[in-house]
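# take a look and give me a structure for this.
(one chain, ligands or ions: 1)
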Amino acid sequence: MSGILSDLSRDALSALAQVTDEAGLAGWHREMLGRKGSLTEALKGLAELDADARRARGRELNALKQELEVAFESRQAAIQSELLDSRLLAESIDVSLPGRKPAVGSLHPITSMIREVSEIFAHLGFQTVEGPEVELAEYSFDMLNIPKDHPARDVWDTIFIDTDQVEITLRPHTSPMQVRTMLQQEPPVRVVVPGRTYRYEAQDATHEWHFHQIEGLAIDRAITMTDLKGTLAEFARQMFGAERKVRFRCDFFPFVEPGVDMSIDCPFCGGRGCRTCKNSGWIELLGAGMVHPNVLANVGYDADAYTGWAFGMGVERLVMLKYNVQDIRQFYGNDLRYSVAVRPGTALTLFLRTIDCGGGVARRSLEE
Ligand code: PHE
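Okay, here's the model as predicted:
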């Protein structure tokens, strides 16, 4: 092979060795073997040679062309198999990797607390029932011994529905379910009623315009204040620890007589006084009392034969106390991290506790 051709061959082969991808291959092919490529240029020079020299040079050029084509094909095959290898590597699935955890979600602390309270009362013989959130003012107030235009109504900053015919409220407490329950069944009655409640209220760290309550009602022959105290003290101890002390003080609610509020000694400081209990050593938990004879009469119960007691407590407040939540607005902030923001140690029990009270309690709706 003449000097120029062997230079051409050497340069072409070393350039081919540098090529690493399909685009490079195509470029090389164009430059060397294409219509305007080096080899074609060399072929053009044949015309100027005499017959013998042309034949000899022609053979050489053909040999070179073949050599380059073979080299091209083998480089192309090598590059394609490299590309395939690296693709296979990138797309491979490592079956030994641990699986991805599906996001299964968890119970909202309010749901969890409602179940916990219902369960405690289920063991004390109480059924869980639910009722409407949009409620006749008759049940929210009148039947509960709070007549129209009576100043006691002002205690509940009620949201009213705009209607001309009957007065309708977003229930400001779960107490109307006392009325509905008693209208539907004869004594003995033992129910707890969890549910949403609404008040026209400015929001801050301890107030929400909508929140949850759990109502309790027990009616039977010869039920006394002792039953009320014993049952609620037992509840407080199951919820906040066996060592809890309870304190009852006089309070006023139109639908009970006498009325009380119940406090527990502060679970955070054991009653010595801290920020949470505002240094009083006590934390108010709920309102309660003996069902007013007027209410018994309103639902058609014989107030001489039957007595009973009722209580109402805020669910958010229970969760805030038990799990040290500082701001009530977090409950409805839609922040999914909220489930872990509740103190980690306790949050675990809170969220893993999904035992349904369904086994012990018939849950039925008293909606009309
Ligand atoms: N319904 C009352 C409230 O919302 C609480 C309560 C219920 C008090 C039952 C006594 C008896 O404030």
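# mind checking the SS state of A305?
Of the three states, A305 takes coil according to DSSP: H, G, I helix; E, B strand; the rest coil.
# pretty sure it contacts R221?
Yes. A305 is within contact range of R221, at 6.3 Å (criterion: CB atoms under 8 Å). In this view, the C-beta of every residue, glycine as well, is placed from N, C-alpha and C.
# which neighbours do those two share?
By the contact definition CB atoms under 8 Å, 6 or more residues apart in numbering, A305 and R221 are jointly contacted by no residue.
# in what helix or strand does the one residue in the chain that gets nearest to the ligand lie?
Residue of the chain nearest the ligand, by CB to the nearest ligand atom: G312 (2.7 Å). G312 is part of strand 307-314 when elements are defined by DSSP states H and E.
# about what we covered before: quick one: residues contacting the residue of the chain closest to the ligand.
H173, T174, S175, Q213, I214, E215, G216, L286, G287, A288.
# for the ligand, tell me which of the residues you listed show up nearby.
The residues of the contacts of G312 that also fall near the ligand, by CB under 6 Å from any ligand atom, are H173, S175, G287, A288.
# any idea how far the residue of the chain closest to the ligand is from T20?
When distances are taken as CB to CB, to the nearest Å, G312 and T20 turn out to be 78 Å apart.
# just for this structure, where's the confidence low?
With pLDDT under 70 as the threshold, the chain has low-confidence stretches at 1-2, 103-105, 337-368.
# near the ligand, which residues of it show up?
Counting by CB under 6 Å from any ligand atom, the residues of the chain near the ligand are H173, S175, F253, V256, G287, A288, G289, A310, F311, G312.
# which one of those has the most neighbours?
The member of the residues of the chain next to the ligand that has the most neighbours, counting by other CB atoms under 10 Å, is S175 with 30 neighbours.
# in contact with that one, which residues are there?
Contacts of S175 were listed using CB under 8 Å, 6+ apart, and they are S140, L144, E215, F255, A310, G312.
# mind redoing it with 10 Å?
With contacts taken as CB atoms under 10 Å, 6 or more residues apart in numbering, S175 has the following neighbours: 135, 139-141, 143-144, 146, 156, 193, 197, 213, 215, 217, 253-256, 287, 295, 310-312.
# so which of those residues sit within helices?
Assigned to helices by DSSP state H, the following of these qualify: Y139, S140, V295.
# which one of those residues has the most neighbours?
Using other CB under 10 Å as the neighbour definition, these reach their maximum at S140, which records 26 neighbours.
# for that one, which residues are in contact?
Under the criterion of CB under 10 Å, 6+ apart, the contact list for S140 reads 146, 153, 156, 158, 160, 167-176, 179, 197.
# alright, calling it a day.
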